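*Asks:* Okay, here's the prediction I keep looking at, along with the sequence it came from:
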Amino acid sequence: MNNRTKLKVLFGMIVICMILSASLGAAASEKGIWTPQKREGHYIQVLDKGKWAPDTYKAVQNLIDRSGAGSPGYDPNRKPYVVFDWDHTSIMNDTEEALFLYQIDQLAFNMQPEEFYEVIKKNVPNGPFSHEFKNLQGDAVTLEEIAEDLKRDYEFLYSNYEGMNGKEQLETLHSTDQFIDFKAKMYFLYEAIGETHGIEIGYPWVLYLFANMSTMEV
């Protein structure tokens, strides 16, 4: 796991938490089903053994036994809770990256070409990206080069997509060389910014793509 991934996991743990029910549960039944059961006057929830990896099941169940409803120290006035990481833990993959790809696939942008061109360069230093981000000839890729390519692609999509300033349906544009190039280079740019300049620049950059949208539109 590289430093960027570690920081992303930490960021997700800080920002996203899941609060479980007050009665975390206690010992699981051997049948491994979710059923409410009663112990010492408390209703508890039993883990579904089939939905957990064995070691994970054991660790979570031990925590529940120590601190959940039915445990010796359980206090209904100070109900226990746990905090889970979200991306790659509670769900598969990453919510921010999934939204980024969705926005590209749906061409869900509210910018004219010149605005888009400025946004994809916003706060990103000029020049080449780190050594692993090369073209097919093995040459370093610069922000200026990829931004020019993306501007040209976006101008075509903007002029032709019925949801922007054109008449073509999204499905038709998906098969064009311009869209294929656009999607590949947008994700390339996202990865290149994050790996070269860190999450301090990479994470806010994705949010700039919501320019001119209201909260409800986002």
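*Replies:* That came in fine, so what should we check first?
*Asks:* quick one: the lengthiest helix in the chain to chain centroid distance?
*Replies:* Ranked by residue count under DSSP state H, the longest helix found in the chain is helix 177-197. Distance of helix 177-197 from the chain centroid (Cα atoms, centre = their mean, to the nearest Å) equals 16 Å.
*Asks:* Likewise for stretch 99-113?
*Replies:* What separates the centre of stretch 99-113 from the centre of its chain is 16 Å, taken as Cα atoms, centre = their mean.
*Asks:* Can you pull out the low-pLDDT segments for this structure?
*Replies:* Counting by pLDDT under 70, the ranges of the chain that qualify are 1-45.
*Asks:* can you give me the helices for it?
*Replies:* Using DSSP H, the helices of the chain run over residues 3-15, 54-67, 95-105, 113-119, 143-160, 170-174, 177-197, 199-208.
*Asks:* Ok, which of those helices comes nearest Phe84?
*Replies:* helix 3-15 (8.1 Å; Cβ to Cβ). Every C-beta, even on glycine, is put in place using the N, C-alpha and C of the backbone.
*Asks:* Quick one: residues in contact with the longest helix of the chain.
*Replies:* For helix 177-197, contacts defined as Cβ atoms under 8 Å, 6 or more residues apart in numbering pick out 4, 97, 100-101, 104-105, 120, 124-125, 129-130, 132-133, 141, 146-147, 149-150, 152-154, 156-157, 173, 201-203, 205-206.
*Asks:* okay, the angle between it and helix 143-160?
*Replies:* Angle of helix 177-197 versus helix 143-160, following axes from the mean of the first three to the mean of the last three Cα atoms, to 10 degrees, is 150 degrees.
*Asks:* Tell me which residues of helix 177-197 come out buried.
*Replies:* 178-179, 182-183, 185-186, 188-197 (16 or more other Cβ atoms under 10 Å).
*Asks:* circling back to that earlier point, kindly reformat the helices of the chain as CSV containing distance to Arg78.
*Replies:* Converted to CSV, the helices of the chain look like this (distance: least, Cβ to Cβ, whole Å):
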stretch, distance to Arg78
helix 3-15, 23
helix 54-67, 11
helix 95-105, 31
helix 113-119, 48
helix 143-160, 52
helix 170-174, 52
helix 177-197, 41
helix 199-208, 35
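*Asks:* who wins for proximity to Glu217 among those helices?
*Replies:* Nearest to Glu217, of all the helices of the chain, is helix 95-105, at 11.4 Å by Cβ to Cβ.
*Asks:* Give me the nearest residue to Pro128, chain neighbours excluded.
*Replies:* Counting by Cβ to Cβ, 6 or more residues apart in numbering, Pro128 lies nearest to Ala140, which is 3.8 Å off, once chain neighbours are set aside.
*Asks:* which residues touch that neighbour?
*Replies:* Neighbours of Ala140 in contact, by Cβ under 8 Å, 6+ apart: Pro128, Phe129, His131, Phe133, Lys134.
*Asks:* Narrow the contacts of helix 177-197 to just the buried residues.
*Replies:* Using 16+ other Cβ under 10 Å, the buried ones in the contacts of helix 177-197 are 100, 104, 120, 124, 129, 133, 141, 146-147, 149-150, 153-154, 156-157, 173, 202, 205-206.
*Asks:* And for Pro128, the neighbour number?
*Replies:* Look at Pro128: counted by other Cβ atoms under 10 Å, it has 17 neighbours.
*Asks:* Quick check: bridge partners of it?
*Replies:* Taking DSSP bridges as the rule, Pro128 bridges to Thr142.
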